[in-house]
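# Build me a structure from this.
(one chain, ligands or ions: 1)
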Amino acid sequence: MLKIGSCDLGTKVLLAPMSGCTDLPFRLIAREHGAKFCFFEMIDAHSVIRHHRKMLKMVKTVESDRPIAFQLLANDTQTILQAAKIILPMADAKFLDINAACPVKKVIKKKAGAYLLKNGDMLCEMIKILASSLPIPITVKMRIGYEDEPIADIMRLAKKCELSGASAIFIHGRTRPQHYSGVVNYDAIKAVKDSVKIPVIGSGDVMSPELAKNMLDKTDCDGILVARGALGNPWIFEAIDSFLKDGSLSVPRDLSMVKRVVKRHMAYMQKYMECGEPSKVGIMRKVLIWYMRSFPNAKAVRGQISLVKEYEKMIELIDSI
Ligand SMILES: Cc1cc2nc3c(=O)[nH]c(=O)nc-3n(C[C@H](O)[C@H](O)[C@H](O)COP(=O)(O)O)c2cc1C
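All right, here's what the predicted structure looks like:
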């Protein structure tokens with residue numbers, strides 16, 4: 001099993017951090033279908049120290065939502081340290097991850113996220129300070145390059161992170177300009193794995209059990225992150241588990257099973273989301289569309305979903321599909 005610091009994660013297949021997706025209802029459903037370790041959504045350190053309510057709501061959790069880790073986005077050491085000290089008592093997290101992967105323009109402009117790949121000294125300073133000030137391990141999530149640098153550059157940076165006190169590296173096998181498309185570079189992930197002694201967890205296109213195994217086989221990495229592959233597909237965790245165990249593939253799900261799970265997901269949203277009805281139903285529409293994607297009449301249903309304005313009507317619509 002995968003160990004980060006002295007913490008045994010109990011699995012090598014983790015639910016990735018995904019902003020706007022991996023909230024409490026999402027994680028609970030994923031856990032009910034085999035996800036054994038999850039991340040909160042990414043949290044912006046500046047907003048935490050300004051006590052923005054929305055940010056603090058992101059660390060909402062319940063007893064069955066364990067074990068868990070959190071990820072902070074920041075561009076300076078004192079801010080990330082201050083934010084971590086506020087979040088830690090609220091979150092019961094096993095480790096803290098620094099986001100050095102986000103490619104979004106407004107984040108890069110603030111010199112945070114993937115920008116830290118360009119500012120390795122700042123990233124390593126953050127790791128050093130956090131690792132010596134906090135009681136939990138510090139990890140880094142990075143991409144394989146800020147532009148299209150030689151692989152040796154990211155190997156060097158990973159080594160520097162390790163020497164600064166990082167306990168694991170999460171690595172998305174795409175460069176910043178690739179965002180979320182294009183080929184995942186397994187060789188680069190493998191090169192990073194070979195350059196450090198701490199665990200390396202691969203990310204990128206883990207969309208099926210076969211692709212999960214591919215990532216592990218081709219990179220020798222210690223674990224994998226499931227990201228878009230889990231949107232509307234919480235079953236992916238059980239499926240990966242059994243495929244890695246004995247090569248067995250699960251039977252395709254029928255509509256009634258999807259409906260049952262999606263209604264449960266909606267019920268968790270209704271129970272745990274603290275926003276007003278219109279925003280809640282807006283998010284429910286997005287979630288329902290994820291689930292419906294794999295069905296032949298998805299396009300027609302999409303039109304109906306976009307018209308729903310209340311929770312009860314959403315459930316009626318799901319029943320009628
Ligand atoms: C909607 C969305 C939000 C994401 N948010 C984050 C984030 O907050 N922090 C992070 O480190 N990665 C984030 N990611 C990246 C994923 O964790 C993952 O590394 C990436 O999607 C590649 O995996 P995939 O190809 O299997 O989806 C996000 C990805 C998506 C699609």
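# The ligand contacts on the stretch 51-200 of the chain?
71, 99, 101-102, 141, 172, 180 (C-beta under 6 Å from any ligand atom). (Glycine included, C-beta is placed from N, CA and C.)
# cutoff 8 Å now
Proximity of the stretch 51-200 of the chain to the ligand (C-beta under 8 Å from any ligand atom) is limited to residues 71, 73, 97, 99, 101-102, 141, 170, 172, 174, 180, 184.
# what sits against residue 79?
45-46, 49 (C-beta atoms under 8 Å, 6 or more residues apart in numbering).
# Just the element for it, please.
According to DSSP states H and E, residue 79 maps onto helix 77-91.
# so where's this protein shaky on pLDDT?
In the prediction, the chain carries no residues with pLDDT under 70.
# Which residue ranges make up each domain of it?
8-246, 255-320 (automatic domain parsing).
# ok, and what's touching stretch 232-243?
By C-beta under 8 Å, 6+ apart, stretch 232-243 touches 13, 15, 29-30, 32-36, 206, 208-210, 212-213, 226, 229-230, 248-250, 253, 261, 265, 287, 289-294.
# buried subset of the residues you listed?
Buried members of these, scored by 16 or more other C-beta atoms under 10 Å, are 13, 15, 29-30, 32-36, 206, 208-209, 212-213, 226, 229-230, 253, 261, 265, 287, 289-292.
# near the ligand, from the residues you listed?
Okay, of the buried ones among the contacts of stretch 232-243 touching the ligand (C-beta under 8 Å from any ligand atom), that's 206, 226, 229.
# tell me the phi and psi of the residue found closest to the last one once you drop the neighbours it is linked to in the chain?
With C-beta to C-beta, 6 or more residues apart in numbering as the measure, residue 207 is the residue that lies nearest to residue 229, at 4.1 Å, once sequence neighbours are left out. In this entry, residue 207 is assigned phi and psi values of phi -100, psi -10 (degrees, to the nearest 10).
# mind checking how far residue 207 is from the ligand?
Look at residue 207 and the ligand: by C-beta to the nearest ligand atom, to the nearest Å, they are 6 Å apart.
# Just give me the neighbour total for that residue.
Look at residue 207: counted by other C-beta atoms under 10 Å, it has 16 neighbours.
# repeat for residue 31
By other C-beta under 10 Å, 19 other residues sit near residue 31.
# Please apply the same query to residue 195.
Counted with other C-beta under 10 Å, residue 195 comes out at 18.
# what residues are up against it?
Taking C-beta under 8 Å, 6+ apart, one finds 155-156, 158-159 in contact with residue 195.
# Next step: the contacts of stretch 232-243 restricted to strands.
13, 15, 226 (DSSP state E).
# Was I right to think the first one contacts residue 213?
No. With contacts counted by C-beta atoms under 8 Å, residue 13 stays clear of residue 213, the gap being 10.7 Å.
# Out of the domains of the chain, which one sits most buried?
The highest mean neighbour count among the domains of the chain, using mean count of other C-beta atoms under 10 Å, belongs to domain 8-246: a mean of 19.
# quick one on the thing from earlier: which members of the contacts of residue 195 occur in helices, if any?
Judged by DSSP state H, the contacts of residue 195 include 155-156, 158-159 as members of helices.
# closest to the ligand among these?
The shortest gap between the ligand and any of the ones in helices among the contacts of residue 195 belongs to residue 158, at 15.6 Å (C-beta to the nearest ligand atom).
# Let me know the helix or strand that the nearest residue to the closest one once chain neighbours are set aside is in.
Counting by C-beta to C-beta, 6+ apart, residue 192 is the residue found nearest to residue 158 once chain neighbours are left out, at 4.8 Å. Using DSSP H and E, residue 192 maps to helix 186-195.
# C-alpha coordinates for that helix, PDB please?
Below are the C-alpha coordinates for helix 186-195, written out as PDB (Å, rounded to 0.1, in the frame of the first residue of the first chain):
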ATOM      1  CA  TYR A 186       4.200   8.400 -19.100                       C
ATOM      2  CA  ASP A 187       8.000   8.600 -19.700                       C
ATOM      3  CA  ALA A 188       8.200  11.900 -17.900                       C
ATOM      4  CA  ILE A 189       6.300  10.500 -14.900                       C
ATOM      5  CA  LYS A 190       8.600   7.500 -14.800                       C
ATOM      6  CA  ALA A 191      11.700   9.800 -15.000                       C
ATOM      7  CA  VAL A 192      10.400  11.700 -12.000                       C
ATOM      8  CA  LYS A 193       9.700   8.400 -10.200                       C
ATOM      9  CA  ASP A 194      13.200   7.300 -10.800                       C
ATOM     10  CA  SER A 195      14.700  10.600  -9.600                       C
END
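# what's the next secondary structure element after that helix?
strand 200-203.
# In terms of secondary structure, what does that next one contact?
Applying 3 or more C-beta pairs under 8 Å, 6 or more residues apart in numbering; DSSP states H and E, one finds that strand 200-203 contacts strand 168-175, helix 186-195, helix 209-219, strand 223-226.
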